[in-house]
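> pasting the structure only:
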């Protein structure tokens, strides 16, 4: 009987381990070196939005458009100049001049150089929802990598969920598109993003009136955006995806902010596993390397204190949590109601606060969508809404909520 019981627990352990590996294997891979295109010049050639270099991309192609990899000037969270990479997709048939510009902000890909979507052209198409819909409408699409994923970032790290850095990268990608494509100054602009990109989108909207007041931002669309970072971190750090994303944030912030050592909140024996997770990139079809053991180990209560209450870490949550009422342009928020990473109730609180403060918010709730598939499920409706804003159509009312029942 004792042998059978021991065998039972061994089998259960193996099943659980395989489950963890299967969960993570489909979206983790090792980064490749970025290459000379992504090298940061010793001095920047101009103000934010200035093109440092660009090159054409022919494979894969986007029907009806020319695609370029770009490197442009931006500024970091401390307003210091930096270099940021991205992708620019320009329709050959632009129906108006200036042509509208849509900036796409992608979801989490990692925190180390080598995790930029522009490094792998096979990734920018699936990571840019409704891309063809925008191209067919004659809209220019620019997709930032953010700082530190292709370029060197802060201490060779991407400032992950650091709002000002993300927001600057998004806004300066629009300026870069205007500089590279003749005659597109004063173009109507919209911004959309998913997950981390939703966070970047909200920060870009907050910062635009002061950082880039010349941009005509007509609409903001955020899909599953992290808003209350403290509440989400407390809710997510016990499940596999949450462990991975929290580890990325811990490693990134510990380098971006000198006063937030990882050792202040992570138990010493788990620090190597946290660091190991942050050395990998995240995609939808990557290969599993050495990450599964790290996730398995960290399920054993790896934090020694709550980062949101730690005296060193807590002060950095408020500056990186979207909080300014977005009155400058209409906002669309899309949220899956079975999302176990960006919790629906957290997003609902954010939307309610925005509405109470006078923002014009369209809130779309997808009853059968989780965190990842809400991006693709909502993409057609988001694109329709964005194109209407770019055309100057008014929103139906100041604040509305729509429930969408769609099979996952």
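Good, I have the coordinates. On a predicted model such as this, the values are computed, not experimentally measured, just so you know.
> Strands along the stretch 251-400 of the chain, start to end?
Assigned strands in the stretch 251-400 of the chain, in chain order: 281-282, 331-336, 361-366, 399-404 (criterion: DSSP state E, counting those that start in this stretch).
> The stretch 1-150 of the chain now?
With DSSP E, counting those that start in this stretch as the criterion, the stretch 1-150 of the chain has strands spanning 28-29, 51-57, 65-75, 81-91, 101-105, 140-146.
> contacting residues for the closest residue to residue 207 other than its chain neighbours?
The spatial neighbour of residue 207 that comes closest, neighbours along the chain excluded (CB to CB, 6 or more residues apart in numbering), is residue 167 at 4.4 Å. For every residue, glycine as well, the C-beta is placed using N, CA and C. Listed by CB atoms under 8 Å, 6 or more residues apart in numbering, the contact set of residue 167 reads 200, 203, 204, 205, 206, 207, 211.
> among the strands of the stretch 1-150 of the chain, which is nearest residue 152?
strand 81-91 (7.8 Å; CB to CB).
> Pairing partners for that closest one, with directions?
Sheet pairing for strand 81-91, assigned by DSSP bridges, gives strand 65-75 (antiparallel), strand 140-146 (antiparallel).
> In it, which residues are buried?
Within strand 81-91, the residues that count as buried by 16 or more other CB atoms under 10 Å are 81, 82, 83, 84, 85, 86, 87, 88, 89, 90, 91.
> just stretch 228-244 next, same as before
For stretch 228-244, the neighbour count (16+ other CB under 10 Å) marks 228-237, 239-244 as buried.
> Out of the contacts of residue 167, which comes closest to residue 111?
Within the contacts of residue 167, the smallest distance to residue 111 is 14.2 Å, found for residue 200 (CB to CB).
> Which pLDDT value goes with that closest one?
Here, the pLDDT recorded for residue 200 equals 98.
> In space, what's closest to it - neighbours in sequence excluded?
What sits nearest to residue 200 in space, not counting adjacent residues and going by CB to CB, 6+ apart, is residue 166, at 3.6 Å.
> Contacts only, for the residue lying closest to residue 84 once chain neighbours are set aside.
Nearest residue to residue 84 in three dimensions, chain neighbours excluded: residue 74, at 4.4 Å (CB to CB, 6+ apart). Contacts for residue 74 were tallied using CB under 8 Å, 6+ apart; they are 48, 49, 81, 82, 83, 84, 147, 168, 169, 172, 173.
> Can you give me the distance of residue 74 to residue 175?
9 Å (CB to CB, to the nearest Å).
> just the buried residues of strand 81-91 now: which is nearest residue 116?
Nearest to residue 116 among the buried residues of strand 81-91, with distances taken as CB to CB, is residue 85, at 5.7 Å.
> mind checking pLDDT for the closest one?
Here, the pLDDT recorded for residue 85 equals 97.
> who does it bridge with?
Legend: beta-bridge partners of residue 85 under DSSP bridges are residue 71, residue 146.
> likewise the one 5 residues further on?
The residues paired with residue 90 through beta bridges, assigned by DSSP bridges, are residue 66.
> ok, it touching residue 65?
Yes: between residue 90 and residue 65 there is a contact under CB atoms under 8 Å: 6.0 Å.
> neighbours around residue 51, how many?
18 (other CB atoms under 10 Å).
> what separates it from residue 146, distance-wise?
In this view, residue 51 and residue 146 are 17 Å apart by CB to CB.
> where in this structure is pLDDT low?
Low-confidence segments of the chain (pLDDT under 70): 1-30, 236-238, 284-294, 406-408.
> For it, which segments are assigned as helices?
2-25, 121-124, 131-136, 163-180, 196-211, 229-236, 240-256, 271-278, 291-298, 344-356, 373-390 (DSSP state H).
> returning to that earlier point: which one of the buried residues of stretch 228-244 is nearest residue 397?
Nearest to residue 397 among those is residue 228, at 25.7 Å by CB to CB.
> so what's the closest one up against?
Neighbouring residues of residue 228 by CB under 8 Å, 6+ apart: 321, 346, 349, 350.
> Can I get the residues you listed in a markdown table including neighbour count and distance to residue 123?
Listed next are the contacts of residue 228 as a markdown table, based on neighbours: other CB atoms under 10 Å; distance: CB to CB, whole Å:
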| residue | neighbour count | distance to residue 123 |
| --- | --- | --- |
| 321 | 20 | 28 |
| 346 | 19 | 28 |
| 349 | 14 | 33 |
| 350 | 23 | 29 |
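> farthest pair in those?
Farthest apart among the contacts of residue 228 - using CB to CB - are 321 and 349, which lie 11.7 Å from each other.
> where do the contact lists of those two overlap?
By CB under 8 Å, 6+ apart, the residues touching both residue 321 and residue 349 are 227, 228.
> Residue 263 contacts residue 271, correct?
Yes: using CB under 8 Å, residue 263 is in contact with residue 271, at 6.6 Å.
> neighbour count winner among the two?
Shown here are residue 263 and residue 271; by other CB under 10 Å, residue 271 has more neighbours (17 against 10).
> Give me the neighbour count for residue 162.
26.
> Next up, the contacts around it.
Going by CB under 8 Å, 6+ apart, residue 162 touches 77, 252, 253, 256, 320.
> For residue 233, see how far away it is.
Distance from residue 162 to residue 233, counting by CB to CB: 14 Å.
> list the contacts for residue 84?
The contact partners of residue 84, by CB under 8 Å, 6+ apart, come to 71-74, 144-147, 150-151, 169, 172-173.
> For residue 134, state which of those is nearest.
Using CB to CB, residue 173 comes nearest to residue 134 of the contacts of residue 84, at 14.7 Å.
> Find the nearest non-adjacent residue to the closest one, please.
Closest to residue 173 by CB to CB, 6+ apart is residue 144, at 4.1 Å.
> From the recorded domain assignment, give the ranges for this structure.
Domains of the chain are assigned by automatic domain parsing as 2-30+229-316, 36-228+321-404.
> Tell me which of those sits most buried.
Among those, domain 36-228+321-404 has the highest mean neighbour count (mean count of other CB atoms under 10 Å), at a mean of 21.
> Can you give me the end-to-end span of that domain?
Separation of the first and last residues of domain 36-228+321-404 by CA to CA, to the nearest Å is 46 Å.
> Return the distance of that domain from the chain's centre.
With CA atoms, centre = their mean, to the nearest Å as the basis, domain 36-228+321-404 stands 8 Å off its chain's centre.
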